Every structure is written in structure tokens, then in C-alpha cells.
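1. test case, fold it:
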Amino acid sequence: MASSYGYYYFVPQLPSLSWGQAPPMSARAFLDMAARMLDAYDVGRMSALHAGAFGIGPDGEEGAALKARTLDGGFSRGWREWEVALRLNLARLRAARLGRDVESMPEAPSSPSDAAAAAARAMEAENPLEGEAVIDRARWNAAESMQGADVFHPRAVFAYLVKLMILERQASFQAEAGFSQYRALYDAILERHRASGEESTGEEPK
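-> Numbers count the residues shown, from 1 in each chain. I've put the predicted structure just below:
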């Protein structure tokens, strides 16, 4: 379906996005701006995508909305299929690693193949944070492959929202890792200060 005129005004207002950068705006700010410039039907579908982009249950209300064919040229449906494939493959791989029975679990689809491959690579990561980065980079690549060549088409704008959410997600992990490092450093300083005080008073460490 052809782009509506609103997209020709909306798209030039959006900051460019690159993998690894800090998000230039929040997904909520994006939706607020979209609400002022785009059709309410499209904005509603964007809100549903925002609510369920990273793993809403298949029977959830948002999930039902994402399964509908919309003005985004099928982006929401394609994205949902990709994300479900990723999560089912992750679930089975994690269960197998923990020695649990996987035969009773839902079958993990081999297609889209990049979703299944991303799950396998994430399980090989050295730590959970690295695994999440592998997953998010695969999500980013998938969104780019689905967005199409026409930057003014709704499909490309829906892909932009997903990529913006990925940047937000990665930023939250980095902030959490930074806080953990700060706490470790702070605790080490306190411990050294406590030990120094005990040495100066001649007290035995407790």
C-alpha cells in the first residue's frame, strides 16, 4: 500500500540511527511525535508493536494486533514471526543446556534461518550480556532487511521504531553494567578503608 502523505513530513524529522549509538530519542517520544503527524490507525499499530516487539506471548492482546495485516506492508507480521522463531529456539537451547526435557516444548522453527542462527550464537557467548548483544544485533539486521528501500513507506518507519527500541535496550544493559562496576569499585574502597582503620587502631579484623 502506498505511503500516506503524513510520512513525507514525519520521516525527515527523525534522527538517523546507527548500531551501537546512544538512542537519540526514546521510543515513547517517537510515538508522541507520530501521534501528532500520522494517521491514528497507524499510530495504534505502532503502539502495539512497541508493546510487544520483544516477546509478547502469542495469545496476548498485543500479539493478536501484531498478527493483523496492517498499513505497514506486513512488517509487524514478519517481525512477529522472526521474534517468535528466535524465542522458541532460545527456549529449547537453554532447556537442553540445563538438561531438561525439550520434547514437550513447542517445536522451534528453522525459518527465518537468521533467527535460529542468532539463538545458537547467543548460547555460545561468553556471558549473558554478550549474548544479549548478539541477539539485539541480529534483531537490528532483521529489521533492516524488512524495512524496504522506500524510506517514506510505513514499513520503514515501523522498522525505525524497532531499531530505536533495540538501541534503548542496549543502553539499559550498558547502564546496568556500569552501575555494577561502580558498586564493585565502591565496595572495594570501603573494604580498603575499613582495613586501613583497623590497622591504625591495632584492632584485629572482624
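
2. secondary structure element for residue 170?
-> Following DSSP states H and E, one finds residue 170 within helix 154-201.

3. same deal with residue 41?
-> helix 40-52.

4. can you name every helix or strand that that helix contacts?
-> helix 27-37, helix 61-67, helix 75-97, helix 154-201 (3 or more Cβ pairs under 8 Å, 6 or more residues apart in numbering; DSSP states H and E). The way it works is simple: take the backbone N, C-alpha and C, and place the C-beta from them, glycine included.

5. ranking those by mean pLDDT, which is last?
-> Lowest mean pLDDT of the helices and strands packed on helix 40-52: helix 61-67, a mean of 43.

6. excluding its backbone neighbours, what's nearest residue 6?
-> residue 38 (4.6 Å; Cβ to Cβ, 6 or more residues apart in numbering).

7. distance of the one you found from residue 161?
-> 12 Å (Cβ to Cβ, to the nearest Å).

8. ok, now residue 95?
-> 31 Å.

9. more crowded one of the two?
-> More neighbours surround residue 161 than the other of residue 95 and residue 161, with 22 against 15 (other Cβ atoms under 10 Å).

10. quick check: the more buried one touching residue 30?
-> Yes. Assessed by Cβ atoms under 8 Å, residue 161 is found in contact with residue 30 at 6.0 Å.

11. wait, what's in contact with the residue nearest the centre of the chain?
-> The chain has residue 166 as the residue nearest its centroid, 3.9 Å off, counting by Cα atoms, centre = their mean. Applying Cβ atoms under 8 Å, 6 or more residues apart in numbering to residue 166 gives the contacts 136, 139-140, 143.

12. and those residues, which of them are in helices?
-> 136, 139-140, 143 (DSSP state H).

13. turn those into JSON lines, columns for neighbour count, distance to residue 173 and pLDDT.
-> Listed next are these as JSON lines, based on neighbours: other Cβ atoms under 10 Å; distance: Cβ to Cβ, whole Å; pLDDT from 0 to 100:
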{"residue": "136", "neighbour count": "21", "distance to residue 173": "9", "pLDDT": "95"}
{"residue": "139", "neighbour count": "24", "distance to residue 173": "13", "pLDDT": "96"}
{"residue": "140", "neighbour count": "20", "distance to residue 173": "14", "pLDDT": "97"}
{"residue": "143", "neighbour count": "25", "distance to residue 173": "18", "pLDDT": "96"}
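
14. can you lay out the residues you listed as JSON lines showing distance to residue 172?
-> Below are the ones in helices among the contacts of residue 166 laid out as JSON lines (distance: Cβ to Cβ, whole Å):
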{"residue": "136", "distance to residue 172": "11"}
{"residue": "139", "distance to residue 172": "15"}
{"residue": "140", "distance to residue 172": "16"}
{"residue": "143", "distance to residue 172": "18"}
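
15. which one of these is nearest residue 11?
-> The shortest gap between residue 11 and any of those belongs to residue 143, at 15.7 Å (Cβ to Cβ).

16. distance-wise, check that closest one relative to residue 94.
-> Distance from residue 143 to residue 94, by Cβ to Cβ: 24 Å.

17. now swap in residue 84 and tell me
-> 16 Å.

18. quick one, which of the two is more surrounded?
-> residue 84 (20 against 14).
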